[in-house]
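S.K.: Here is a sequence together with a model predicted from it:
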Amino acid sequence: MAAERSHATSGGEKSDRAFRTIGEVSQSLDLPQHVLRFWETRFSQIRPLKRGGNRRYYRPEDIELLRTIKTLLYQEGYTIKGVQKRFREQGVKSTIASVHGTQRPGTAAVPPVTERREDTTEPPPDASPASGPSADERAAREQALEALLNELRTLRQMLD
């Protein structure tokens, strides 16, 4: 059956169900090994199997969790505390499903209600730091943000 994967693959590659070393996980996620070790100290949900010499072996579900954490931190702009809060509020499995689009039919994705990093993007090169937005521009921005906030509150009420 196409949905089932064999435990062994041809060509010497590991199956999808095989355990991976920290080096293999580091390479597949394009993250340094020390980052994976650090995340273990911050996320109790990451529990690789440890064998002789404290060697780590990651299960496929550990790798999916790491991939989710990486996406939330690096692509969606969450802080570590924000990811921890999302795991607490929504559950790890639900978060993984919503982040990677593997939502079960009949379940609605819950929007994140967690802290995010402040925008740290640089202003455009032609923008002068001394000349900020005028009072009219600030008022228009505040009005647009207030409208957006009201729309988000309405959407949140619809979900509750």
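M.R.: Received it, and whenever you're ready, just let me know what you need.
S.K.: okay, CA-based contacts and neighbour counts for the rest of this
M.R.: Will do.
S.K.: who touches the nearest residue to residue 49 once chain neighbours are set aside in this structure?
M.R.: In this structure, residue 49 finds its nearest non-sequential neighbour in residue 57, 5.0 Å apart by CA to CA, 6 or more residues apart in numbering. Residues in contact with residue 57 (CA atoms under 8 Å, 6 or more residues apart in numbering) are 19, 20, 21, 22, 48, 49, 50, 51.
S.K.: Format the residues you listed as JSON lines; extra columns: secondary structure, pLDDT and distance to residue 28.
M.R.: Listed next are these as JSON lines, based on DSSP: H, G, I helix; E, B strand; the rest coil; pLDDT from 0 to 100; distance: CA to CA, whole Å:
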{"residue": "19", "secondary structure": "coil", "pLDDT": "89", "distance to residue 28": "13"}
{"residue": "20", "secondary structure": "strand", "pLDDT": "91", "distance to residue 28": "10"}
{"residue": "21", "secondary structure": "strand", "pLDDT": "92", "distance to residue 28": "11"}
{"residue": "22", "secondary structure": "helix", "pLDDT": "91", "distance to residue 28": "10"}
{"residue": "48", "secondary structure": "coil", "pLDDT": "92", "distance to residue 28": "16"}
{"residue": "49", "secondary structure": "strand", "pLDDT": "91", "distance to residue 28": "18"}
{"residue": "50", "secondary structure": "strand", "pLDDT": "87", "distance to residue 28": "20"}
{"residue": "51", "secondary structure": "strand", "pLDDT": "87", "distance to residue 28": "21"}
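S.K.: What is the nearest of those residues to residue 88?
M.R.: residue 48 (20.2 Å; CA to CA).
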